[in-house]
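Colleague: Provided below for reference: sequence and predicted model.
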Protein chains: 2
Amino acid sequence: MPNESVIWERPEPPERQAPSPLSRERIVRAAITLADADGLDAVSLRKVAAALDAGPMRLYRYVDTKDELLALMADAVYAEIPAPTGSTAGDVLRSIAHGIRDAALRHEWFADLHGGRPQLGPATLAHAEACHAALHASGLDDLDARAGAMETLSVYLVGAVRKEVAERRAERASGLDKEQWQHTFGPYLQRMLATGHYPRLGESVRGARHLTASEVFELGLDYLVEGMASR
Amino acid sequence: MPNESVIWERPEPPERQAPSPLSRERIVRAAITLADADGLDAVSLRKVAAALDAGPMRLYRYVDTKDELLALMADAVYAEIPAPTGSTAGDVLRSIAHGIRDAALRHEWFADLHGGRPQLGPATLAHAEACHAALHASGLDDLDARAGAMETLSVYLVGAVRKEVAERRAERASGLDKEQWQHTFGPYLQRMLATGHYPRLGESVRGARHLTASEVFELGLDYLVEGMASR
DNA sequence: TAGGAGTCGATACACTGTATCGACAGAGGC
DNA sequence: GCCTCTGTCGATACAGTGTATCGACTCCTA
């Protein structure tokens, strides 16, 4: 029983549909569009494929695994980052930091990928090369010092980007349900502090100037750069 | 037609089974056991419930959402961290850092949660209190300086823990498929460097002493602490 | 023109988080 | 003591996921 209908009712097969032409680049672009709009959770192979007018399995010709797609997305973010500038090593380091930060704020999902698995994509390598070159040109030519500076800065950036994005998301979420946030968590914290179990913490929350994520970003960057300089 | 079989065949209903008693603590412990063994992906409500001899929906009496369960798990990690010690502010900061690092290496999945969403659980608050108290006792009593130090350190730690765990995972993965790793990525990197497109990077990879993740951790921590001290 | 090889992607599977709602236990009125 | 009502609980079901499989189809070769 090869078919459940008679030929008169059965539609003609689609003429080997000139299929929407695919490419890794197109796929990654579609995935990034989805992620920018609705976060990394909105990136499913099915949705990406649908955005490209294709079936899910079609993507597997271009990518072996969803993780590979995510790796391509992360690499594409590195491709957006301009080469760092600056004449002193400190300026170069700050420029690197801001390049990554700006990219991550354009693509918040990047924070979820960043530092997760070691990435070796071409754009990532090119970015690393540009950083090393700029540091070299700034006079930081001891190889060990340069590597140490890059490594520690990159570690710091993983955390900084993650925290700043987390704060933005919390803010935005509380913008949507501002009422819910303010009626639940704000008072919750106040109540916890009011118990008196957290005197030093409370003192700090109430007394210290509240730092935004971007102020913390700069402050930590300053500490790091100054710490490196003091060697 | 209340039943599709006659009474003789129909099994007796289970006697309102004295159900395995549950509690948030028990649930969180089961989830942590799963996560420690097989990573965060292995934590599904079904598996946690099964480990407790219950149906999935039973957990929803104790937790509204899977995210809440993850938040409880993260808070439980903070509960394990001993209060920081040290007489100078620098020593206290290092002690805080190592406390978090050690906990994260015991529970690698913590790196995936850490810094993701702002956590306000009781153990997290208690940990923060202990940190502030220790810093206060060490003489760092300017509130703004203390808050700045805590914030920037905590940002650094998010990245440091994430990177170190990522390296461990990569190592372990390559330990299992060491052959695969060495035959794929190692040579891949060599080939990329051999193209000559990444001269400064290659110079660094070949010439600089290779730092392990834990060395990077200490180095960045030193930079940070020294940078703070130089204010 | 017939046959064989290789590609492609629809179907299917095992699994996820969680909404729904029927079945049940216990309380309260007669 | 029985019967209804009420509120709780968790099995079932749903909509979604990533991806293995394998039949159908195209295209190349003879």
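Modeller: Alright, I've got the coordinates. This one's a predicted model, so the numbers in the text were calculated from it and none came from an experiment.

Colleague: so where does residue A:133 fall, helix or strand?
Modeller: Following DSSP states H and E, the helix or strand that holds residue A:133 is helix A:122-137.

Colleague: is the helix or strand that that helix is followed by anywhere near DNA strand C?
Modeller: For helix A:122-137, the following helix or strand on the C-terminal side (DSSP H and E) is helix A:143-176. No. Figure legend: helix A:143-176 not in contact with DNA strand C (CB under 7 Å from any atom of the strand); closest approach 14.9 Å. For every residue, glycine as well, the C-beta is placed using N, CA and C.

Colleague: how far off centre is helix A:143-176?
Modeller: 9 Å (CA atoms, centre = their mean, to the nearest Å).

Colleague: elements contacting that helix?
Modeller: Counting contacts by 3 or more CB pairs under 8 Å, 6 or more residues apart in numbering or on different chains; DSSP states H and E, helix A:143-176 is packed against helix A:89-106, helix A:110-113, helix A:122-137, helix A:178-194, helix A:213-229, helix B:143-176, helix B:199-207, helix B:213-229.

Colleague: and the third one, what does it pack against?
Modeller: Read it as helix A:122-137. helix A:66-80, helix A:89-106, helix A:143-176, helix B:199-207.

Colleague: dump the helices and strands packed on helix A:143-176 to TSV, plus mean neighbour count and distance to residue B:95.
Modeller: Shown next, in TSV, are those (neighbours: other CB atoms under 10 Å in any protein chain shown; distance: least, CB to CB, whole Å):
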stretch	mean neighbour count	distance to residue B:95
helix A:89-106	20	27
helix A:110-113	22	28
helix A:122-137	20	32
helix A:178-194	12	24
helix A:213-229	21	18
helix B:143-176	20	11
helix B:199-207	17	32
helix B:213-229	21	11
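
Colleague: between those, which one is nearest to residue A:165?
Modeller: Taking CB to CB, helix A:110-113 is the member of the helices and strands packed on helix A:143-176 nearest to residue A:165, at 3.9 Å.

Colleague: does DNA strand D sit close to the closest one?
Modeller: No. Figure legend: helix A:110-113 not in contact with DNA strand D (CB under 7 Å from any atom of the strand); closest approach 13.9 Å.

Colleague: outside of that helix, which residues touch it?
Modeller: Under the contact criterion CB atoms under 8 Å, 6 or more residues apart in numbering or on different chains, helix A:110-113 has outside partners A:40, A:70, A:73-74, A:77, A:103-104, A:161-162, A:164-166.

Colleague: mind picking the two most distant members of the residues you listed?
Modeller: A:70 and A:164 (20.6 Å).

Colleague: stretch A:46-57: which residues count as buried?
Modeller: By neighbour count with 16 or more other CB atoms under 10 Å in any protein chain shown, stretch A:46-57 contains the buried residues A:48-49, A:52, A:54.

Colleague: list the contacts of it.
Modeller: With contact meaning CB under 8 Å, 6+ apart, stretch A:46-57 is reached by A:19-20, A:22, A:26-27, A:30-31, A:33-34, A:45, A:58-59, A:69.

Colleague: show me what contacts the closest residue in space to residue A:111 that isn't next to it in sequence?
Modeller: Computed as CB to CB, 6 or more residues apart in numbering or on different chains, the closest residue to residue A:111 that is not its neighbour in sequence is residue A:165, at 3.9 Å. By CB under 8 Å, 6+ apart, the contact set of residue A:165 is A:104-105, A:108, A:111.

Colleague: good, wrapping up.
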